[in-house]
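Participant: Predicted coordinates and the sequence they were generated for:
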Amino acid sequence: MVMTSRHHRRQTLAGALLLWQLAIVVIVLAAVAAVSLAQSQATFDRVEGRRVTALAEEMASNPLVRTQLVRPAPAEMLAPQLQSTLTRSGVTSATVSDGSGKIVASTNPTLVGTRMPTGGPRIAEGRGWSGELPVGGVTELVAQAPVLGAAAGDHLGTVMIGRASPSVWQRLVGASSYLLVYLGVASVLGVAGSWLLARRIKRQTFGMEPREIAGLAEHREAMLFGIAEGVVALDPHQRLTLVNAVGRRLLDLPEHCVGMSLTGLGIEGRLYDVLAGTAPEGGPGALARRDEVVVRRGRVLVMNRMDVTKDGRRLGSVTTLRDRTELAQLERELGSFRSTTELLRAQAHEFSNQLHTISGLIQIGEHEEVVQYVRALRKHRESLDLGITSRIRDRAVAALLMAKSALAAERKVRLLISERTALDRLEPTDSADVATVLGNLVDNAVDAATGAPPAGEDDRGAWVEVELRQDASSVEIVVRDSGPGVAPELAQEVFSHGFTTKAAAQGGDRGIGLALTRLVCKRRGGEVSVANTREGAMFTARMSVGRPADRATETVR
């Protein structure tokens, strides 16, 4: 059983690589041997071709050969001459034919009386020729030279000297002095290189075998592309090494974005800082970011970034993304209920204080003071209601400002309505968005003004002023406060981060109020900005709206 399990054990990565490399080495060695044999054959053809050509020309110009070819029975005199040439030069064959091409003498007696094979018409024209020809059933490297008579153009016969080509084994034996050395060195280098390559790949794959690597790849694909969150991986040079479909959709990246840098993808500003892990001030250094809020093309994203290190070496970073746009919408709706609850609590607290005052005056018998106190409260309430409703005809926005006024009064902040304020009734959807932007800006302004000394010389204490202006197609909201203002370097960052003005001043907690404000304004083709005045911060928001509700009603009528 043990032997069977060993036989069926899968081959390791190092073993497979070694076998493949050995196969490559064998193929290379075979190619080297083939090239060496081809070079040996070319050398033989060149050297021996010159030698047999010289021998053939020498014998053709011999006077004995010329005189014997014109006599009867020339074989008796030419045979010793051919044999002497064969012995002296070490060639394979020597043959002489007469002018008709009939062999009259040869070192191979079986060829006498047959026709001499020729390499072409050059011999009949009295010119020499060299090449390979079959001689006596064996292919030889031959040279043919014409035997010319004393008269011009008199072709007496032909001399042919042949040298048999060595076999493959003979060429290998002849080349063994250097070929075996080459083959041995190549074998040693190939085996050593294969072994080192296998060890290197094994180390780079952390000792995992191919099946384990394939399993990890399958699990990674299933995990990354099966989760509902976006995943973005970067290398140390801020190039994308991995991004799943959700991450590509949330960041609006092109399909073939892997391998591109963040700057090449047009990612900059707050999103770049979170993905790259740079310091908020723009300084160097990678940071781990947790629950960072980023607004990207109409989406509110929550991002978490972690550095990836191995053996003290930084490999890059992985950032997860969650789409919080719908959750932000729910938070906005919950914020409306929360504001209503806070309003009721503040009103209950205010009524309780007023009742305590009235009760105390009655107990001490100051009935006239009770009447005057109640009249003053009614006059203040009527003045507040008239100041808001006379300038703001949209009931939802007016009710929101009344609620915010009570909440601000509880925190010792005066909510003022500018005399330049004018707002007609709006469509329900327009009114909801205007109330959202106005509520967020007022909340942030009250937070900034609460407990902070006025930025300018003003004896009104802590205050927030609201101004609403409307034209045919848009509404402009201006909210000023008496707080310390917004640092110039955070003027744009507060909207990207979702800071409140209080958080911006303290550099502390983050929210999404201002991020939602910008999101609503951009969705309606507008914008929101912040500037510092002599008295404090001033937020200006502009958004497009439809026709006022009352004007639309008149048009229909």
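Facilitator: Noted; the coordinates are in hand.
Participant: Now do Val318: how many residues are near it, please.
Facilitator: Counted with other C-beta atoms under 10 Å, residues neighbouring Val318 total 16. From N, CA and C alone the C-beta is placed, and that goes for glycine too.
Participant: contacting residues for His219?
Facilitator: Listed by C-beta atoms under 8 Å, 6 or more residues apart in numbering, the contact set of His219 is empty.
Participant: Please tell me how far it sits from Glu212.
Facilitator: To Glu212, His219 is 11 Å away according to C-beta to C-beta, to the nearest Å.
Participant: for the stretch 201-350 of the chain, what spans make up the helices?
Facilitator: In the stretch 201-350 of the chain, the helices defined using DSSP state H, counting those that start in this stretch lie at 210-224, 245-251, 269-276, 325-363.
Participant: rank those helices by pLDDT, which is bottom?
Facilitator: Lowest mean pLDDT within these: helix 325-363, at a mean of 61.
Participant: Could you list the residues in contact with stretch 390-397?
Facilitator: Residues contacting stretch 390-397 (C-beta under 8 Å, 6+ apart): 398, 401, 417, 419, 421-426, 431-432, 434-435, 438, 468, 550.
Participant: Please repeat the previous calculation with a cut-off of 7 Å.
Facilitator: Stretch 390-397 is contacted by residues 398, 401, 417, 421-426, 431, 434-435, 438, 468 when judged by C-beta atoms under 7 Å, 6 or more residues apart in numbering.
Participant: how about it as CSV, C-alpha atoms only?
Facilitator: Extracted in CSV, the C-alpha atoms of stretch 390-397 (Å, rounded to 0.1, in the frame of the first residue of the first chain):
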residue,chain,number,x,y,z
SER,A,390,-44.3,86.4,6.1
ARG,A,391,-41.0,85.8,4.3
ILE,A,392,-41.2,82.0,3.8
ARG,A,393,-44.4,80.8,2.2
ASP,A,394,-43.3,77.2,1.8
ARG,A,395,-44.8,75.5,4.9
ALA,A,396,-42.3,72.7,5.2
VAL,A,397,-39.3,75.0,5.1
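Participant: Scan the chain for its longest helix.
Facilitator: Taking DSSP state H as the criterion, the chain has its longest helix at helix 13-60.
Participant: how far out from the middle of the chain is the helix or strand just after it?
Facilitator: Using DSSP states H and E, the next helix or strand after helix 13-60 towards the C-terminus is helix 63-69. Mean-position distance between helix 63-69 and its chain equals 87 Å (C-alpha atoms, centre = their mean, to the nearest Å).
Participant: In stretch 130-145, which residues are buried?
Facilitator: 130, 133, 135, 140-145 (16 or more other C-beta atoms under 10 Å).
Participant: Next, the distance between the ends of that stretch.
Facilitator: From its first residue to its last, stretch 130-145 covers 9 Å (C-alpha to C-alpha, to the nearest Å).
Participant: Look up how far Arg51 lies from Thr533.
Facilitator: Using C-beta to C-beta, Thr533 is found at 109 Å from Arg51.
Participant: neighbour count winner among the two?
Facilitator: Taking other C-beta under 10 Å, Thr533 and Arg51 do not tie; Arg51 has more neighbours (16 against 12).
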